[in-house]
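Student: What shape does this take:
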Amino acid sequence: MVSTIGFIGAGNMGYAMIRSIAQSNILNSDKIYVYDVDKEKLSKLKAETGISISISEKEVVENCDIILIAVKPNIIESVLEKCKNSFDSTKILVSVAVGVPIKFYKKLIGEDKKVIRTMPNTPALVGEGMTLVSPDNNVSKDELDYVMKIFECFGKAELLDEKLMSEVTALTSSSPAYVFMFIEAMADAAVLAGLPRKLSYKLAAQAVLGSAKMVLETEKHPGELKDMVCSPGGTTIEAVSVLEKNKFRYAVIEAMDECTKKAKEIGKKFE
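Tutor: Down below sits the predicted model:
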């Protein structure tokens, strides 16, 4: 049974995850151990949530059953070198780093160790994250179920074959950036038409939120929902026509394709 969870790294993603887990009822907040080089951030996090501060990466691993490593891919190896000998076959290493394969971690901490690769996204900050989870064969069903519960503290979680992790980077991990650009562009157009800036952002964001909710809750095809808005000879189909003329959908597809290529390129560095 899991009694402690540790975090190595408390950046934007780690901070959001820690805060959400601490506010959940899956374990007491003082059973969450966190290490980060930013001591001021750790003090603030402790004051907000009641988590326990660790003095090193090694201490986190020694004290915890599940260890989430939430640092940038380029420093993962140097971080794990400091604590790799503290992992035993009962502990679970959970990675949230883009592009780093399970086999890289196994090479560092041992083939008999338990590793789970995940890919969360920034809407975790508001409890609406989407996380993909890929376990290795050493992880039991009960252990995997518990890790899924951790990620469900701040959104949705789905299992995914690891070989598809690079392909899904563009769809979940990076996609909030495209949506933010879309909201910004719609708001800019509204400001150009005379609407106040703050109101324009609010209206654009709510339109995107409501549209996404319709896709999820009605389970209708997005094209069908689009057709429901496009009256013959109306304003919406006029706007859709301009978007098509400017290759709106193709631009999104091409951007995501390039994002996937970059994710694969990052992954190759760890082979």
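
Student: Against the centre of the protein, work out the most remote residue.
Tutor: Residue farthest from the centre of the chain, counting by C-alpha atoms, centre = their mean, is Gly233 at 41.0 Å.

Student: Let me know the secondary structure of it.
Tutor: Under DSSP: H, G, I helix; E, B strand; the rest coil, Gly233 falls in the coil class.

Student: Report the contact partners of it.
Tutor: Going by C-beta atoms under 8 Å, 6 or more residues apart in numbering, Gly233 touches no other residue. Backbone N, C-alpha and C define where each C-beta goes, glycine included.

Student: Ser24 versus that one, what's the distance?
Tutor: Plainly put, Gly233 is 51 Å away from Ser24 if you go by C-beta to C-beta, to the nearest Å.

Student: same question, Leu144
Tutor: 18 Å.

Student: Ok, Ser54 next?
Tutor: Ser54 sits 20 Å away from Ser24, going by C-beta to C-beta.

Student: who has more neighbours, the two?
Tutor: Ser54 (21 against 14; other C-beta atoms under 10 Å).

Student: And that one, its phi and psi?
Tutor: The phi/psi pair for Ser54 (degrees, to the nearest 10) reads phi -110, psi 150.

Student: For it, give me its contacts.
Tutor: Neighbouring residues of Ser54 by C-beta under 8 Å, 6+ apart: 6, 33-35, 60, 63.

Student: So which of those residues belong to helices?
Tutor: 60, 63 (DSSP state H).

Student: What subset of the contacts of Ser54 is buried?
Tutor: Neighbour counting with 16 or more other C-beta atoms under 10 Å marks 6, 33-35, 60, 63 as buried within those.

Student: And the helix or strand hosting Ala185, what does it pack against?
Tutor: Assessed by DSSP states H and E, Ala185 sits inside helix 175-192. In terms of contacts (3 or more C-beta pairs under 8 Å, 6 or more residues apart in numbering; DSSP states H and E), helix 175-192 is packed against helix 197-218, helix 248-268.

Student: would TSV of those helices with distance to Asp161, mean pLDDT and mean neighbour count be doable?
Tutor: What follows is those, written out as TSV (distance: least, C-beta to C-beta, whole Å; pLDDT from 0 to 100; neighbours: other C-beta atoms under 10 Å):
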stretch	distance to Asp161	mean pLDDT	mean neighbour count
helix 197-218	23	97	13
helix 248-268	14	93	14
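
Student: could I get these as JSON lines with distance to Ser173?
Tutor: JSON lines is the format used below for the helices and strands packed on helix 175-192 (distance: least, C-beta to C-beta, whole Å):
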{"stretch": "helix 197-218", "distance to Ser173": "17"}
{"stretch": "helix 248-268", "distance to Ser173": "8"}
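
Student: where's stretch 98-106 relative to the chain centroid, distance-wise?
Tutor: Stretch 98-106 has its C-alpha centroid displaced from the chain centroid by 16 Å (C-alpha atoms, centre = their mean, to the nearest Å).
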